[in-house]
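Asks: Sequence below, structure please.
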Amino acid sequence: MKIAELFGKGRPVFSCEVFPPKKETPIDSIYQTLDGLKDIHPDFISVTYGAGGTSNGNRSTQEIAALIQNRLHIPAMAHLTCLACTKGEATEILSALRDSGVENVLALRGDRNPNFPPKNDFHHASDLVAFIRRRGDFGVSAACYPESHPESPDPVSDIRYLKEKVDAGAQHLVSQLFFDNDDFYRFLERCRIAGINVPIEAGIMPVLNRSSIERMVSLCGASMPRKLTRLLARYGDHPEALRQAGLAYAVNQITDLLAAGVDGIHLYTMNNPAVARHISDNVAALRGL
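Replies: Coordinates of the predicted model:
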């Protein structure tokens, strides 16, 4: 099933994201994560691109996506990045995904990594979107940034680039993490005014570790609202307290987003099925209303 087909059925989509194990960790370690996620019945699960774009990382993304699709019988969405593959490599990856029954791809530019020189066949995510659409019957999704991409000169330009991805064939968008729902609502309004009418999922990352969340914020350019900085200042040095407070913050965010009628919630699980289950259980009754 194509991801875009999950929307418009009278309820918000609820999806999760996992990442391949690190190189030194057996890929089998992902099984426990997936078993835990299976029980919360996500509408689909996305798998991030292998670290650094190495060939081994690429294979692990494909392998995990195939496992989700064929053993768990949950639609899988494999990430693919411009900076990490040539057109020839992209063709091979898409062929492998098609052969394994995976029919959804999230086309990304990807984060720059000084340890891995970028490939230059695709300059923008819109180029990769168009390439995938021309090479098979894939459902193609793309990323969006409620507070604009860190490298974008201004919000207007950011929306224009996003419209290019949709015009190139992206059928569904997943947002980068954000912590102030008003930022997401303003972003949605800009998208609709610009004629971007595909489903847009709100990306939510629970705050469980101060250093991890500060690193993620620095990478994606998300802002920290006052109530979140207050939470980190009070509980940041107390892991269990921060975990409880961070889970409550995420549940409150999702509750408000569902009340506002968003298309869907995409949960960045950090490969922690217990966290995903806690959040899913706390909003389960809201998802069907």
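
Asks: from memory Ala76 sits against Gln69, does it?
Replies: Yes: with contacts counted by Cβ atoms under 8 Å, Ala76 reaches Gln69, the gap being 4.3 Å. C-beta coordinates here come from the backbone N, C-alpha and C atoms, glycine included.

Asks: what do the two both touch?
Replies: Common neighbours of Ala76 and Gln69 (criterion: Cβ atoms under 8 Å, 6 or more residues apart in numbering): Val102.

Asks: neighbour count winner among those two?
Replies: Ala76 (27 against 23; other Cβ atoms under 10 Å).

Asks: need the contact list for the more buried one.
Replies: Ala76 sits in contact with 44-47, 64-66, 68-69, 102, 104, where contact means Cβ under 8 Å, 6+ apart.

Asks: Output these in CSV, with distance to Val166 and secondary structure appended to each entry.
Replies: Output for the contacts of Ala76, formatted as CSV (distance: Cβ to Cβ, whole Å; DSSP: H, G, I helix; E, B strand; the rest coil):
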residue, distance to Val166, secondary structure
Phe44, 19, strand
Ile45, 23, strand
Ser46, 18, strand
Val47, 23, strand
Ile64, 27, helix
Ala65, 23, helix
Ala66, 28, helix
Ile68, 26, helix
Gln69, 25, helix
Val102, 22, coil
Asn104, 16, strand
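
Asks: quick check, nearest of the residues you listed to Ser29?
Replies: Ile64 (10.8 Å; Cβ to Cβ).

Asks: In contact with that closest one, which residues?
Replies: 18, 20, 27, 30, 34, 47, 76.

Asks: what pLDDT, on average, does the longest helix along the chain get?
Replies: If you go by DSSP state H, the chain has its longest helix at helix 239-259. For helix 239-259, the mean per-residue pLDDT is 96.

Asks: quick one: the helices in the protein?
Replies: Under DSSP H, the chain gives helices at 30-38, 55-70, 87-99, 125-134, 155-168, 181-193, 210-220, 226-235, 239-259, 273-287.

Asks: my guess is Thr81 meets Leu108, correct?
Replies: Yes: Thr81 lies in contact with Leu108 (Cβ under 8 Å); the separation is 4.7 Å.

Asks: Identify the contacts common to these two.
Replies: 49, 128.

Asks: Ala250 against Val207, yeah?
Replies: Yes: between Ala250 and Val207 there is a contact under Cβ under 8 Å: 7.2 Å.

Asks: Which entries within the contacts of Ala76 meet the buried criterion?
Replies: Among the contacts of Ala76, those classed as buried by 16 or more other Cβ atoms under 10 Å are 44-47, 64-66, 68-69, 102, 104.

Asks: farthest residue from the center of this structure?
Replies: Arg234 (28.9 Å; Cα atoms, centre = their mean).

Asks: So that residue versus Asn282, what's the distance?
Replies: 22 Å (Cβ to Cβ, to the nearest Å).
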